[in-house]
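**Student:** Here is my input, please return the structure:
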Amino acid sequence: MVDAGYRVVCLEQGPWPDRSAFPGASDEWELAGRQRWSANPSVRRAPADYPIDLSASDVGVLNYNGVGGGTVLYAAQWPRLLPSDFTRRTDEGVADDWPLTYAELLPFYERTDRQFGVSGLGGDPAFPAGADPPLPPLPIGPGALRVARAHARLGWHWWPAANAILSAPWSGRHPCVQRATCQLGCNEGAKGSTDLTHWPAFVAAGGRLITGACVVALPTDARGLVTGAEWVDEDGRTHFQAADVVLLAANGIGTPRLLLASASSRAPGGLANSSGLVGTRLMVHPLALVKGLFRQDLASWRGHSGGSIVSYQFYASDERRGFVGGAKWAMAPTGGPLRAALTNGGSWGEDHHRHVRDRFGRSAHWGLVCEDLPNPENRVDLSPTLTDRAGLAAPRITYRIDDNTRALCEWHIEKARESLVEAGAWHTEVEFRYPPNGHFMGTALMGDDRDHSVVDRWSMAHDVPNLGIIDGSTFVTSGGVNPTSSICALALRAVDHLLAHRGDVPTPEHRRSVHTGAPSVRRGRPVTLGRPPNDAATVDDSVRFRLARIADVLIPAGDTMPSADEVGVADHLLDRVLASVPSLAAALTTALDADIAGEDTRAWLDGLSTRHPAAYGSLVLAVAGAYYLDPGVRARLGYEGQVPQPVRPDAFPEYVDEGLLDAVLSNWTRSTGGFTTASPPRPGTG
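**Tutor:** Got it, this is the predicted structure:
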């Protein structure tokens, strides 16, 4: 857009990612990732008969706020919406049809595959024919291979997953080394995050990137055209940046928030909101993770955190199931020893070591992305009391998992158990249901009818012809797949059309000068999302003494493993934990501020878990995190850490040698609408 004759401004909050924070095979990676979720309160889920009313103080941060956005921390799974996702109203009488088809979006899917460097295997009969991914597929690993064999026996669909993770050098970036730490950032640059794939080229072409910025309003002129962006810098000073065209990409929560906050006398209900739909129809993809435990060593901590294999066997609706919609299944590494220790709350005391040995390196799991149908009651609006540091009203989120979605998820959970049992699992468990999720979609609906949508088929606002919205908020339906690939394809399609028709876009009347100076006006109670200090995070000797006593109750000696106190979890190992997760220092001090010498430690812990679950969770995380940093403990588990193991794109996959894909291809034939069967059973039934 730099050469298109437009004045362009790109504002994104936060600094450039500091890749030194992700030091190769650091032992603290898993610990930091675990705390990233546990330190943030989970979204409270309501029973089916009433909704949740959530404000910003209730919801943890689910997306990286900085250059590269959520792609810095996403798993980089790269599936596409299926053709049937675009025609739900026509096919099944639910939701709405998209104003475009899969075929129209296909060229942009293929172009963004090349931009991000997607690895995968062409020919999946779940999709119509098209160009193969630009890079070979990544390895699937021993666990996924067992499951692929099981699906071949069952006659169920599976396919090597597509990921925006390099299997070979691409555009000056290095290939994956299989540490499975993708969701903490990728210091190899193998993962396709936009701080690597797009921003450097934008800046090199003369674009101006402003970090630490917070846009607070999109003002308009007398004709209702957006004139630019009002924003606040890190020091609280206000600015105005003029622009001929504004493209908004603040995700399915941030975009409606800013549109609603930009209300004016001309648009009292919010910018681009004559339809009244801005902020409604929020979809978030309820997730579930189903784990199988195996007797064999599967080295299941290795790999990439995207997807190794996927299954669309039960993606299509089937009226016999009693619900509408489906889910994509994806298999990925199951984590290191700390995750094994903390799975489903962990098992503490005498059974702890068996609990870990059963799971660490000997598990495989299906991650289920469950379709979420649009519901106007699930919405984003503005908090009447909370603001951020720039004075912008916080988003208030009201969301309920309805009966249809809940039934869908539970049915898929049971089918995933069948898959794992067929693969040889001796035990299955649901590691989580409906955790906090960062797939925010549907709150600025795309459509041809301006009375029943916010943007047109080219992602431009009906009410504001020089305002485009290029994020997941424009989704008509969510499908049952990760949305990033589709967001990027839609954004590329929108910008291509904008450039081709730039003469048709009206130019607003601009202010004569760009001003800065006055601090922003704060309204209501501000929300502080500051970072804890990374230095001087420690606890005093009394806290360490009490923690050591508690540690041996949580993790005693046994099964050839030392006790927690024996390896020094309250000493140097605790210091490593606190250096990685500084916020734990205050939590531990609060939890252990009273003398427990005269109490029964086990009974005290049981009581703490009931009366103060967060404090109990901090103790467990500190003890387990320190214990599994000890080199001796790791050696006895046979865990060498997340050492780099560069992929070999020329290696011949076992599943090809065994003919496992032949079973998929013989059962399904490709059609323009997706996959169909040559003989029963039809995929999607069961």
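**Student:** quick one, what contacts Ala190?
**Tutor:** By Cβ atoms under 8 Å, 6 or more residues apart in numbering, the contact list for Ala190 reads Ile165, Leu166, Arg173, His174, Pro175, Cys176, Val177. The C-beta positions use only the backbone N, C-alpha and C, and glycine is treated the same way.
**Student:** Would you point out the most distant pair within the residues you listed?
**Tutor:** Arg173 and Val177 (12.3 Å; Cβ to Cβ).
**Student:** Who has more neighbours out of those two?
**Tutor:** More crowded of Arg173 and Val177, by other Cβ atoms under 10 Å: Val177, with 20 against 17.
**Student:** surely that one meets His304?
**Tutor:** No. The pair Val177 and His304 does not pass the contact test of Cβ atoms under 8 Å, sitting 9.2 Å apart.
**Student:** still on that earlier bit, any idea which of the contacts of Ala190 has the most stuff around it?
**Tutor:** Among the contacts of Ala190, Ile165 has the most neighbours (other Cβ under 10 Å), with 31 neighbours.
**Student:** confidence score at it?
**Tutor:** Ile165 is assigned 97 on the pLDDT scale.
**Student:** picking that back up, take the contacts of Ala190 and keep only those in strands.
**Tutor:** Members of the contacts of Ala190 lying in strands (criterion: DSSP state E): none.
**Student:** how about those in TSV, adding distance to Val620?
**Tutor:** Shown next, in TSV, are these (distance: Cβ to Cβ, whole Å):
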residue	distance to Val620
Ile165	32
Leu166	37
Arg173	38
His174	37
Pro175	37
Cys176	32
Val177	31
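**Student:** And the nearest residue to Ser563 once chain neighbours are set aside, how far from Phe652?
**Tutor:** Among residues not flanking Ser563 along the chain, Ala557 sits closest, at 4.1 Å (Cβ to Cβ, 6 or more residues apart in numbering). Separation of Ala557 from Phe652 (Cβ to Cβ, to the nearest Å): 46 Å.
**Student:** again, but for Gly117
**Tutor:** From Gly117 to Phe652 the distance is 22 Å (Cβ to Cβ).
**Student:** Please say which of these two ends up with more neighbours.
**Tutor:** Gly117 (28 against 8).
**Student:** correct me, but the more buried one touches Pro169?
**Tutor:** No. Applying Cβ under 8 Å as the test, Gly117 and Pro169 come out as separate, 9.4 Å apart.
**Student:** Need the overlap of contacts for Arg173 and Val177.
**Tutor:** Common neighbours of Arg173 and Val177, using Cβ under 8 Å, 6+ apart, are Glu188, Ala190.
**Student:** thinking again about what came up before, pretty sure the residue nearest to Ser563 sits against Ala551.
**Tutor:** No. Under the criterion of Cβ under 8 Å, Ala557 makes no contact with Ala551, lying 11.4 Å away.
**Student:** Please identify which of those two sits among more neighbours.
**Tutor:** Taking neighbours as other Cβ under 10 Å, Ala557 and Ala551 compare with Ala551 leading, 26 against 14.
**Student:** What is the neighbour count of Asn344?
**Tutor:** Asn344, neighbours per other Cβ under 10 Å, totals 12.
**Student:** Low-confidence regions, the stretch 151-300 of the chain specifically.
**Tutor:** Judged against pLDDT under 70, the stretch 151-300 of the chain has no low-scoring part.
**Student:** Show me the helices in the stretch 151-300 of the chain, by range?
**Tutor:** Along the stretch 151-300 of the chain, counting by DSSP state H, counting those that start in this stretch, helices occupy 194-197, 199-204, 251-261.
**Student:** I'd like those as TSV, with distance to Ala299 and mean neighbour count appended.
**Tutor:** Output for those, formatted as TSV (distance: least, Cβ to Cβ, whole Å; neighbours: other Cβ atoms under 10 Å):
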stretch	distance to Ala299	mean neighbour count
helix 194-197	28	21
helix 199-204	35	13
helix 251-261	35	25
